[in-house]
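Participant: Dropping a prediction and its sequence here:
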Amino acid sequence: MGMRVIAIDGGDAKRDLCVKQLGAEHFIDFSTTKDIQAEVMKITQYGAHGKRTPFAGDFATDFCA
């Protein structure tokens, strides 16, 4: 079972790291995106099936169902 990776972080440097170096298929910049959940739904159609939050506080977990 493969997973498609959507990275959520802030800033152009993190976008470059996540997409160019780490291979994320999509990047959502939380500092410029008004509705992160809507953006995930737009990318996935049915929503995320899993999440991985290696370095985040309460802010990131607020968006997980």
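Facilitator: Received, thanks.
Participant: Could you pull up the residues touching the nearest residue to F30 once chain neighbours are set aside?
Facilitator: Distances taken as C-beta to C-beta, 6 or more residues apart in numbering put G10 closest to F30, at 5.3 Å, once the chain neighbours are dropped. Any C-beta I mention is one placed from the backbone N, CA and C, and that applies to glycine too. With contact set as C-beta atoms under 8 Å, 6 or more residues apart in numbering, G10 has these partners: D29, F30, S31.
Participant: Pull the number of nearby residues for the first one.
Facilitator: Right, the one you point to is D29. Per other C-beta atoms under 10 Å, the neighbour tally for D29 reads 16.
Participant: Tell me the pLDDT of the closest residue to it other than its chain neighbours.
Facilitator: Distances taken as C-beta to C-beta, 6+ apart put G10 closest to D29, at 5.8 Å, once the chain neighbours are dropped. pLDDT recorded at G10 is 93.
Participant: same check, this time on K34
Facilitator: Note for K34: predicted pLDDT of 95.
Participant: Check G2 too.
Facilitator: 68.
Participant: same thing with S31?
Facilitator: Reported pLDDT for S31: 95.
Participant: if I read this right, it contacts G11, doesn't it?
Facilitator: Yes - checked against C-beta atoms under 8 Å, the pair S31 and G11 is within contact range at 6.7 Å.
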